[in-house]
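A.B. asks: structure for the following, please:
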Amino acid sequence: MSLSETLTSSRKLGVLLAVMAAAALTGCADSTGFRPLYGNAGVMNSVDAKLASVEMATIPGRVGQRVRNELIFQTTGGDGASAPVYRLEVVLKESLLSTLVERDGDSLSQVYSLDASFKLISIADNRVLLTGTSFGRAGFERFTSVLANVRAKEDAENRAAKTVANDIRGRIAAYLSRPA
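C.D. replies: Numbering: from 1, shown residues only. The predicted model follows:
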């Protein structure tokens, strides 16, 4: 057997072993408990189904809309909610804190603060199941350009809104994952 034939047969053997290993891992994914790190591989578990049944009440303002849209996307994946069983009501409070203030009173940076109070309500009996608060903070620099300042503030608002939505979703998921 020549060297080239040996290399060819060892490559074929390597490819065959790789295919067999991949088949073995996909076949045992359910029996051994392996699950994808992100996503649910097309299988909706009970917490995801419960999260999809949460109706998001309207939250006033641009930042409120960002929080609501983020919550809707995180709970339904953008597919739309199933028949609502729960309603989430969120009240936001926004504030700005100036930092690095110069002697002439100009601020070199600011911190945007978003405080959210939320209630998870059972639609069937209008009973409050869960209440809580969440906080989002995002800093941004101030520039001489007015447009740059507006955009920097909007970016900070968006980051804080996403932080608050992630926290609220996590708390609701923890509550809904409890045994009934």
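A.B. asks: break the protein into its domains for me.
C.D. replies: Here the domain parsing of the chain from automatic domain parsing is 3-32, 46-176.
A.B. asks: ranking those domains by burial, who's on top?
C.D. replies: Scoring the domains of the chain by mean neighbour count under mean count of other Cβ atoms under 10 Å gives domain 46-176 as the most buried, with a mean of 16. Where C-beta positions appear, they are placed from N, C-alpha and C, glycine not excepted.
A.B. asks: what mean pLDDT would you report for that one?
C.D. replies: Taken as a whole, domain 46-176 has a mean pLDDT of 90.
A.B. asks: which parts of the protein are strands?
C.D. replies: 54-56, 86-101, 107-122, 127-141 (DSSP state E).
A.B. asks: which one of the ones you listed lies closest to Ile72?
C.D. replies: With Cβ to Cβ as the measure, strand 54-56 is the member of these nearest Ile72 (5.5 Å).
A.B. asks: each with direction, which strands does the closest one pair with?
C.D. replies: Applying DSSP bridges, strand 54-56 is found paired with strand 86-101 (parallel).
A.B. asks: now Pro84: closest residue in space that isn't a chain neighbour?
C.D. replies: Nearest non-adjacent residue to Pro84, counting by Cβ to Cβ, 6 or more residues apart in numbering: Glu55, 3.7 Å away.
A.B. asks: oh sorry, the question was meant for Arg62
C.D. replies: Glu157 is the one closest to Arg62 (Cβ to Cβ, 6+ apart), at 7.3 Å.
A.B. asks: residues in contact with that neighbour?
C.D. replies: 62-63, 66, 94, 112, 114, 138 (Cβ atoms under 8 Å, 6 or more residues apart in numbering).
A.B. asks: for Tyr86, state which of those residues is nearest.
C.D. replies: Arg66 (21.2 Å).
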